[in-house]
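Peer 1: dropping a prediction and its sequence here:
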Amino acid sequence: AQSVTQPDIHITVSEGASLELRCNYSYGATPYLFWYVQSPGQGLQLLLKYFSGDTLVQGIKGFEAEFKRSQSSFNLRKPSVHWSDAAEYFCAVATNTGNQFYFGTGTSLTVIP
Amino acid sequence: EPEVTQTPSHQVTQMGQEVILRCVPISNHLYFYWYRQILGQKVEFLVSFYNNEISEKSEIFDDQFSVERPDGSNFTLKIRSTKLEDSAMYFCASRPGLPTDTQYFGPGTRLTVL
């Protein structure tokens, strides 16, 4: 069965520091992988996605993620965090019909000045 | 930029009452979805809808739930007899057509069942 694990419930980083949010997935076929961000009271905004090709994908707001098939991982990174990056981050895997999304439990990011 | 809209932003209802949550997907999108997020928990898939019928649904989407596209623009989620545990944020999403297309999410409707 498809599933997504985000092992870090909450992460705190200093502004300007680098960030890595972990995501591991379980899916039998080639996965479609996504990272979404949710600010308080807001909907889900797509940061980036991976379907095929280059395993390092670039997204909005300076985020990038790397797909590692051998580790079943799709970790999100940002070299220098801004205070406005404080939010909830969700990793998701979609079935190859694109019809079902499975979300992780999310990682809450706090940025301290 | 086109976006998915949802109304109302917050709905309060009494247990046992019926509620209808409304969504206007992005025009020319072909696939529509409902998700829910119980406070503090992950976003859970409820149902996908294509060509005027349900294409996939989760175990959560039982007989008390139904979806409809009553006209060319709205997409609704009806909960027939609400329970306390239905209290959650409900998100609508739409995508153009290809499996690789992005799903675009609306801002959500917070449902509170008293």
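Peer 2: Alright, I've got the coordinates.
Peer 1: tell me how many other residues surround A:Leu44.
Peer 2: 26 (other CB atoms under 10 Å in any protein chain shown). (C-beta placed from N, C-alpha, C; glycine too.)
Peer 1: next up, phi/psi of the residue nearest to the spatial centre of chain A, please.
Peer 2: Here the mean C-alpha position of chain A is nearest to the C-alpha of A:Trp35 (CA atoms, centre = their mean), at a distance of 3.5 Å. Per-residue torsions, A:Trp35: phi -120, psi 130 (degrees, to the nearest 10).
Peer 1: dump the residue contacts of it.
Peer 2: A:21, A:23, A:46-49, A:59, A:63, A:65, A:74, A:76, A:89-92 (CB atoms under 8 Å, 6 or more residues apart in numbering or on different chains).
Peer 1: and the strands in chain A, which stretches?
Peer 2: All strands of chain A, identified by DSSP state E, fall at A:3-5, A:10-14, A:19-21, A:24-26, A:32-38, A:44-50, A:56-58, A:64-68, A:73-78, A:87-94, A:101-103, A:107-112.
Peer 1: hey, least reliable of those by pLDDT?
Peer 2: Mean pLDDT is lowest for strand A:101-103 among those, at a mean of 87.
Peer 1: and chain B, is it touching that?
Peer 2: Yes - Strand A:101-103 lies within reach of chain B by CB under 8 Å from any CB of the partner chain, at A:Phe101, A:Tyr102, A:Phe103.
Peer 1: the second one contacts A:Val93, doesn't it?
Peer 2: Yes - A:Tyr102 is in contact with A:Val93 according to CB atoms under 8 Å; the separation is 5.2 Å.
Peer 1: touching both of those two, which residues are there?
Peer 2: Counting by CB under 8 Å, 6+ apart, the common neighbours of A:Tyr102 and A:Val93 are A:Gln2, A:Ser3, A:Val4.
Peer 1: chain neighbours aside, what residue packs nearest to whichever residue of chain B sits closest to chain A?
Peer 2: Nearest to chain A in chain B, going by CB to the nearest CB, is B:Pro99, at a distance of 3.2 Å. Once flanking residues are discounted, B:Pro99 sits nearest to A:Gly98: 3.2 Å by CB to CB, 6 or more residues apart in numbering or on different chains.
Peer 1: re the thing from before, element containing the residue of chain B closest to chain A, please.
Peer 2: Here B:Pro99 is covered by no helix or strand, with elements defined by DSSP states H and E.
Peer 1: my guess is it meets A:Phe101, correct?
Peer 2: No - if you go by CB under 8 Å, B:Pro99 and A:Phe101 don't touch, sitting 11.6 Å apart.
Peer 1: between the two, which is the more surrounded one?
Peer 2: Between B:Pro99 and A:Phe101, counting by other CB under 10 Å, A:Phe101 is the more crowded of the two (25 against 14).
Peer 1: quickly list what the more buried one is bridged to.
Peer 2: Counting by DSSP bridges, A:Phe101 is bridged to A:Ala94.
Peer 1: dump the residue contacts of it.
Peer 2: A:Phe34, A:Ala92, A:Val93, A:Ala94, B:Tyr33, B:Tyr35, B:Val43, B:Phe45, B:Gln103.
Peer 1: brilliant, that's me finished.
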